[in-house]
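Q: Sequence plus predicted model, see below.
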There are 4 protein chains.
Amino acid sequence: MAHVLGQNQYGKAENRIVRVYRDSTRHEIKDLNVSVALSGEFDDVHLTGSNANCLPTDTTKNTVFAFAKEYGIDSAEAFGILLARHFVDDTERGVVHRARIRIEEYTWDRIRTPDDNARFIGSEEAGHSFGHSFVRNGQEVRTSEIVYDGESVQVISGLKDLVVLNSTNSEFWGYIKDKYTTLQEAYDRILATQVTARWKYGFTGRDDEAQPNWNRCYTHVKRHLLEAFAETYSYSLQQTLHAMGTRVLNNRAEVDEVRLELPNKHHFLVDLEPFGLKNENEVYYAADRMYGLIEGTVHREGVVPVIPVV
Amino acid sequence: MAHVLGQNQYGKAENRIVRVYRDSTRHEIKDLNVSVALSGEFDDVHLTGSNANCLPTDTTKNTVFAFAKEYGIDSAEAFGILLARHFVDDTERGVVHRARIRIEEYTWDRIRTPDDNARFIGSEEAGHSFGHSFVRNGQEVRTSEIVYDGESVQVISGLKDLVVLNSTNSEFWGYIKDKYTTLQEAYDRILATQVTARWKYGFTGRDDEAQPNWNRCYTHVKRHLLEAFAETYSYSLQQTLHAMGTRVLNNRAEVDEVRLELPNKHHFLVDLEPFGLKNENEVYYAADRMYGLIEGTVHREGVVPVIPVV
Amino acid sequence: MAHVLGQNQYGKAENRIVRVYRDSTRHEIKDLNVSVALSGEFDDVHLTGSNANCLPTDTTKNTVFAFAKEYGIDSAEAFGILLARHFVDDTERGVVHRARIRIEEYTWDRIRTPDDNARFIGSEEAGHSFGHSFVRNGQEVRTSEIVYDGESVQVISGLKDLVVLNSTNSEFWGYIKDKYTTLQEAYDRILATQVTARWKYGFTGRDDEAQPNWNRCYTHVKRHLLEAFAETYSYSLQQTLHAMGTRVLNNRAEVDEVRLELPNKHHFLVDLEPFGLKNENEVYYAADRMYGLIEGTVHREGVVPVIPVV
Amino acid sequence: MAHVLGQNQYGKAENRIVRVYRDSTRHEIKDLNVSVALSGEFDDVHLTGSNANCLPTDTTKNTVFAFAKEYGIDSAEAFGILLARHFVDDTERGVVHRARIRIEEYTWDRIRTPDDNARFIGSEEAGHSFGHSFVRNGQEVRTSEIVYDGESVQVISGLKDLVVLNSTNSEFWGYIKDKYTTLQEAYDRILATQVTARWKYGFTGRDDEAQPNWNRCYTHVKRHLLEAFAETYSYSLQQTLHAMGTRVLNNRAEVDEVRLELPNKHHFLVDLEPFGLKNENEVYYAADRMYGLIEGTVHREGVVPVIPVV
């Protein structure tokens, strides 16, 4: 029986680029991890050993660094769109049909010295900040994925490693009981999770005027995710997930689909009775594994969801 | 505009189970990491806070451990099929419509003491082996994903973290040169990669008699991947990928689709000229990032490929 | 020839404890990872199989959780001192002669909702903060090590994973040139490092009135490390290291020794000449490995340094 | 009060070198991760910004790669001795007083194709092996640390990440019971650990004829550690540790000190009673954290132990 070469893609992954803006005495930096994946007319590369159609991964890397100089990096999303269009539109003989750019962004805050008597938090508040000295923020990693197929652009932005915790306002009860059930119902528990979120923009690239303000939108989506997590009185992590997704859709017209992956970072009440102590929801053991994993998509009616399940 | 709850799933992830068989003085062990994801009638859980349809993730965990006792673990795949069918077929009121079981398996070898004068390698060869003492193999992690939707079963097996290297018989030249090209052509280079492979079986679960011998098949697929890597004179990692995938299809009739993800673990020749030394392909710097990443699927003609791109 | 049992210690490592304070509607949380190591009269445990002198690691774990309830956790250092003294002073027949408590602390900020028009940064600034909702800070991990030997207490506090970067004000030139030298001198480079710092307090535990305000001191040491990094015009990372250490000693009388481990997170200028572009210190490649690693201790005259080299 | 610069060291860490031997059609490879740390007359580098005494970390990296060509790599230990002596003995004006070389080594096996009907295990057994194709072994990482101070050499070799498990022949009972004790005594439990071992050789470098056969010795020490683990009927992990250390000293005259760090990789029996099942030591949950951590040194009488506690 014959074999067929199916979906394939290649490119340079994890190009770690730091772009410094030195236009004034107050520098700015962008810190990205850029991965390129190209698809197209690459059958011969796989089948015959001919590399005549192959744009080397090394060249895709060089392009990333050169573009950072030529065009600057205003946002990961805009930078990714430039790169994706270049690979598809400019490669010889049009052999690249589709380009996917994935970018992780690490945020840096300026190092600050506080006013006298101010509490120092290494972050933005009253006090003096240094013009060229930075401390990595570390709260979350910003992500984006840009796909261009020669016609339209698709942008899925996101974040990961954002760890949140509610110390109350979470219950879990009324569930199915079967022969394998031992879980006790909970009427006041810690709810903690490490948020991975991805959201798709309605932007298609057919009208570049319509490009959202990617950085501003990111800031607001993050804010809405955090606020919805904080404000939802929760009967399940699923309910919290749904509240977080709909909060984003309700507030950001640019976004038409949100997908969340929320591991339940279990905090188990420690039994202190053997030591003559009463644990009034005060002392918890934070477990690593196993963990509940709750995933789901919320999208606008009429939109065909595209964010892949992982 | 109204919002819609799209694809969603949940379950207990990373249940770390070790099953010991003590039927004779020579014990056997199975060491698995089992993750459960269920989909079905869970809209209310997300929307109303009612958990009436919710089988708790804790119960899915208990089920994994109980099944390990009740049914044993002959192979990860057979164990996953049992679990997936249970969750869909046996949960109250049929609220679970689809179950996905993912399993990582860690392999253990018996600890051995060599014959006198034998070279000791901590692995299977001539000499005495202990009946209840094991050393973790560490060469690769075996993976499997079983999906059951109430009608048919789909099994995708695989492996990851298998690191291989050819110290010659690899070239790369004749590629596209554009304004961003600086790479020198190579006529004798190291080719190294960390193999992630997934292969789908034709097995659909409609005839349980047709279950492949999962363990034997795994051993052979691994062998064919290694042999194809070793025997292919390579003009690109893409060509090697294709050779590995077709080798499996040519030799294992049970398999009808193979997908490979092959990061190019670059080994750069160190320039020793400044020190008056000639580097005749002897001294390499092993780089971490960035790396080429080559991904592709090979499947039988007529088969619709289903292994997702990640 | 006879063999001797030398230094040995044991205990439960990585007890992950979250302590919630629910005294008001505004909860507080402490999130610690506590590791216990005990030394003493444990020869029989090793030599004869008798556990008569063995306090099980499980019991040391229980003690950590019970103490969190009984005494609360004001600071990791004070909590560690309580635990260390308990194990040495209270264990049966005085078999524990020395206890070492190591603690990692993860910081949480309150989730905040901004005032209208305020920039949201998920951190402390103007706006409303939630009483029981938190987001993990992620900037650095706070560390402490408390040792008690029955007589005196030694406290070494620290931090790790604090990543900082100066985009200018760093040079490196005038070094030894030998036959293996190829490095070009640099007159304006990025200086970036991931700070691991440990500092020893003069506190000996003989006068508990003299306990420093551990939390306040930590905040200030971190501030001085950051400020010294930002304000030092650097001719080598060694010089920056020394400036950071002396800054702490100059400002915090409680501290008498500082040790720093500073990996040089290299940012290499990308050569853009082949693409007809001039890289004016704007585009850098952030390398993972290899990296320079600079380590050093600064201590007060007359103090015998005790922080171990790792 | 004046401040003093205490212990300090610097160098290039994690030089990832792969050395290929192509002398015949059957290639050989050595895969090392080499870290250099130099101490000496570096006060000015820290205090004045003068680098006149500084051998750049970049040069130490170049030296590692050049030496791999000039001298080859027979063993990590012998290679490290060459490097350490070079840095101390050959650096300009003798400014380096002490060099420490740490090396991790990753082992590769040849890829093999089995004889017909042979069981394939990707390791050494009957069948055909490829001359230039390798698969990374993955069982453990080999380590070594070489220190030279201008007079004598000290070699501490070791291994890490070697995971072993006994499925029976382990008990734990008869321990201290205090008010925080809840642990049940165990008369048949799984004993599993991830071995980190370091052993010091008596070799001082004063007589190079006396260099041990480092590779052969490594193989044997690993063998003795595994055999002692397997053959010891254990009443505590401490007892097993002691048996492992003494086994090495009893069998390898070159070694005069052994230190082991053995995390107790807990395998907890799952309670299956609620499901009407009896768990006869068959189904275990493998826990990540917290874990007991047992550390200890065994040394020959009269030897002053030097392997540091970490």
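A: Yep, that arrived.

Q: Any part of stretch A:39-49 near chain B?
A: Yes: using Cβ under 8 Å from any Cβ of the partner chain, we find that stretch A:39-49 touches chain B at A:F42, A:V45, A:H46, A:L47, A:G49. Quick note: C-beta positions are derived from backbone N, CA and C, even for glycine.

Q: top of those by neighbour count?
A: A:V45 (27 neighbours; other Cβ atoms under 10 Å in any protein chain shown).

Q: That one is in what secondary structure piece?
A: Using DSSP states H and E, A:V45 falls within helix A:43-47.

Q: What is that helix packed up against?
A: Where contact means 3 or more Cβ pairs under 8 Å, 6 or more residues apart in numbering or on different chains; DSSP states H and E, helix A:43-47 is packed against strand A:3-13, helix B:237-251.

Q: Now do it, average pLDDT.
A: For helix A:43-47, the mean per-residue pLDDT is 97.

Q: next SSE after that helix?
A: From helix A:43-47 onward toward the C-terminus, using DSSP H and E, the following helix or strand is helix A:57-71.

Q: Show the subsequent helix or strand relative to that next one.
A: Reading on from helix A:57-71 to the C-terminus, the next helix or strand found by DSSP H and E is helix A:76-90.

Q: Next, the buried residues of that following helix.
A: Buried positions in helix A:76-90, judged by neighbour count with 16 or more other Cβ atoms under 10 Å in any protein chain shown: A:76-88.

Q: Which residues does the helix holding A:V45 contact?
A: If you take Cβ atoms under 8 Å, 6 or more residues apart in numbering or on different chains as the criterion, helix A:43-47 is touched by A:5, A:8, A:50-54, B:236, B:238-239, B:241-242, B:296.

Q: let's go with 6 Å and repeat that
A: Helix A:43-47 has contacts (Cβ atoms under 6 Å, 6 or more residues apart in numbering or on different chains) with A:L5, A:S50, A:N51, A:C54, B:S236, B:Q238, B:H242.

Q: filter those by proximity to chain C?
A: Among the contacts of helix A:43-47, no residue is within reach of chain C (Cβ under 6 Å from any Cβ of the partner chain).

Q: returning to that earlier point: can you add pLDDT and distance to A:G127 and give the buried residues of helix A:76-90 back as TSV?
A: Conversion of those to TSV gives the following (pLDDT from 0 to 100; distance: Cβ to Cβ, whole Å):
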residue	pLDDT	distance to A:G127
A:A76	98	29
A:E77	98	32
A:A78	98	32
A:F79	98	32
A:G80	98	35
A:I81	98	37
A:L82	98	37
A:L83	98	38
A:A84	98	41
A:R85	98	42
A:H86	98	42
A:F87	98	44
A:V88	98	47
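
Q: could the helices and strands packed on helix A:43-47 go into JSON lines alongside mean neighbour count and distance to chain D?
A: Shown next, in JSON lines, are the helices and strands packed on helix A:43-47 (neighbours: other Cβ atoms under 10 Å in any protein chain shown; distance: least, Cβ to the nearest Cβ, whole Å):
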{"stretch": "strand A:3-13", "mean neighbour count": "21", "distance to chain D": "18"}
{"stretch": "helix B:237-251", "mean neighbour count": "23", "distance to chain D": "11"}
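
Q: Of these, which is nearest A:T63?
A: Using Cβ to Cβ as the measure, strand A:3-13 is the one of the helices and strands packed on helix A:43-47 that comes nearest A:T63, at 9.1 Å.
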